[in-house]
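>>> Structure for the following, please:
(one chain, ligands or ions: 1)
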Amino acid sequence: MVFENYFIRSKVFASPLLFELLNFFDTWRSARSFERRFPQFDPAVLRGGLSVLVRHALLQRSDQPHDPASPRAMAAWANWNPAAGLLHFSTKDLQYSSDLEFLLKRQQTRAKTLPMPAPVKRYPGAKRIALLAPRQSGEFPQVLLARRTWRNFSSRPVELSALSTLLGLSFGVRWWVDVPGLGRLALKTSPSGGSRHPIETYVLARRVANLPPGLYHYAADKHCLERLKRGANSSQLSRYLAGQKWYGKASALVLMTAVFGRPQWKYQSPRAYRAVLIDAGHLCQTFCLVATWLGLAPFCSMALADSRIESDLGIDGVSESVLYAAGVGTLPRNLKWAPWPTPFHATRHANPAFA
Ligand SMILES: Cc1cc2nc3c(=O)[nH]c(=O)nc-3n(C[C@H](O)[C@H](O)[C@H](O)COP(=O)(O)O)c2cc1C
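Predicted structure coming up:
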């Protein structure tokens, strides 16, 4: 049986007896009363067990300081826990390996005994109706087709005008909807479940012309940047992206956080957590498409150093937590497509069905 404090990612493997022992502490109780309640056990063993439980944050001591802010922020998660909280908090700060060679070899070895699942589904017995070729002329389809995840960038900075367009078209509040008795709800270029728009945007600007390097908050209603910290460099960028060195030369990183109180106020079901993730996906795709339209090199990343980012942003990671990152640089010269990093030796060819 596993007892987990998923908020701080601490696990204890124990027999179901631990449940009974923990259940005794449904209110503040002394170690003495614990020993009296379970006379069948050696008091020294019980005391040792208590300190293990305290060390693994399954029990709290009244005489030891604890941060009152987190339990208070966690209370807002009450309706979403344990389903959403377990997923969100227990998957933070995952250690990623940047050793692509090792990762690829591991996948290739697995593929020998367990082939990769098919990338598409087929109904062999079903009658097929051929579709007409999609319309592909015009700027919009060309932008869609040109979007790729870039991992190489030139050393030229991104212009401030381009960053302004990127932020304004992707994350800016473009309209307000006034609802009597409620207040105003934001509308952006991306949809949002219940128009809660939980996503906030921050920019780590490393190389943007006429913008001092630094960490900024994008004020989505005022369309301006609010500086939180001066300075930004390549290693900070890679560190935020859990050590992915190939993103160090990007010009700017956009960090998307969620202010959970916005959807939690309206939705009592943990299912709403799914909507928060999907909202971030919509915004990110819009960002990548706008960047492509501007002739820039966008990317997105789920591999994040969550706690480091949250600490630098000055957010608590509970009421507001980082979810996703997108970034942008200038296109490298002489590259026709966004090549995959070296060990993959991946080539690309068009699907003849769309020729
Ligand atoms: C949710 C999500 C997370 C991703 N995380 C990473 C990442 O951590 N590092 C990375 O290099 N690419 C990441 N990517 C980019 C994918 O690897 C990329 O989209 C995929 O290889 C397909 O290539 P394309 O974007 O050029 O179509 C992520 C993409 C998505 C949608």
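>>> CA atoms for contacts and neighbours, from now on please.
OK.
>>> residues in contact with Phe13?
1-3 (Cα atoms under 8 Å, 6 or more residues apart in numbering).
>>> could you dump these to CSV with distance to the ligand, secondary structure and neighbour count?
Output for these, formatted as CSV (distance: Cα to the nearest ligand atom, whole Å; DSSP: H, G, I helix; E, B strand; the rest coil; neighbours: other Cα atoms under 10 Å):
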residue, distance to the ligand, secondary structure, neighbour count
Met1, 32, coil, 11
Val2, 29, strand, 11
Phe3, 30, strand, 16
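>>> Contact residues of the stretch 51-200 of the chain facing the ligand?
148-149 (Cα under 6 Å from any ligand atom).
>>> most residues in a single helix of the chain, which one?
helix 272-293 (DSSP state H).
>>> ok, for the closest residue to the ligand within the stretch 1-150 of the chain, nearest residue in space, not its chain neighbours?
The ligand sits closest to Arg148 of the stretch 1-150 of the chain, with a gap of 3.5 Å, by Cα to the nearest ligand atom. Among residues not flanking Arg148 along the chain, Ala338 sits closest, at 6.3 Å (Cα to Cα, 6 or more residues apart in numbering).
>>> Is that neighbour in a helix, a strand, or coil?
Under DSSP: H, G, I helix; E, B strand; the rest coil, the three-state class of Ala338 is coil.
>>> Looks like it contacts Ala146 (just checking).
No - using Cα atoms under 8 Å, Ala338 is not in contact with Ala146; the gap is 9.9 Å.
>>> Bridged to the residue in the stretch 201-350 of the chain positioned nearest to the ligand, which residues?
Nearest to the ligand in the stretch 201-350 of the chain, going by Cα to the nearest ligand atom, is Ser301, at a distance of 3.5 Å. Legend: beta-bridge partners of Ser301 under DSSP bridges are Ala325.
>>> Leu215: neighbour count?
Residues near Leu215, counting by other Cα atoms under 10 Å, number 25.
>>> Pretty sure it sits in a helix.
No - for Leu215, which was evaluated using three-state DSSP, the result is strand, with no helix membership.
>>> who's in contact with it?
202-205, 227-232, 313.
>>> Can you flag which of those belong to helices?
Leu313.
>>> Please check the contacts of Leu215 and keep the buried ones.
202-205, 227, 232, 313 (16 or more other Cα atoms under 10 Å).
>>> okay if I get these as JSON lines plus pLDDT and distance to Phe260?
JSON lines is the format used below for the buried ones among the contacts of Leu215 (pLDDT from 0 to 100; distance: Cα to Cα, whole Å):
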{"residue": "Tyr202", "pLDDT": "99", "distance to Phe260": "16"}
{"residue": "Val203", "pLDDT": "98", "distance to Phe260": "20"}
{"residue": "Leu204", "pLDDT": "98", "distance to Phe260": "22"}
{"residue": "Ala205", "pLDDT": "98", "distance to Phe260": "25"}
{"residue": "Arg227", "pLDDT": "98", "distance to Phe260": "23"}
{"residue": "Ala232", "pLDDT": "98", "distance to Phe260": "28"}
{"residue": "Leu313", "pLDDT": "98", "distance to Phe260": "16"}
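>>> Which members of these occur in strands, if any?
Taking DSSP state E, the ones among the buried ones among the contacts of Leu215 that sit in strands are 202-205, 227.
>>> Would you map the helices across the stretch 1-150 of the chain?
With DSSP state H, counting those that start in this stretch as the criterion, the stretch 1-150 of the chain has helices at 17-23, 31-37, 43-55, 69-75, 83-90, 100-113, 139-146.
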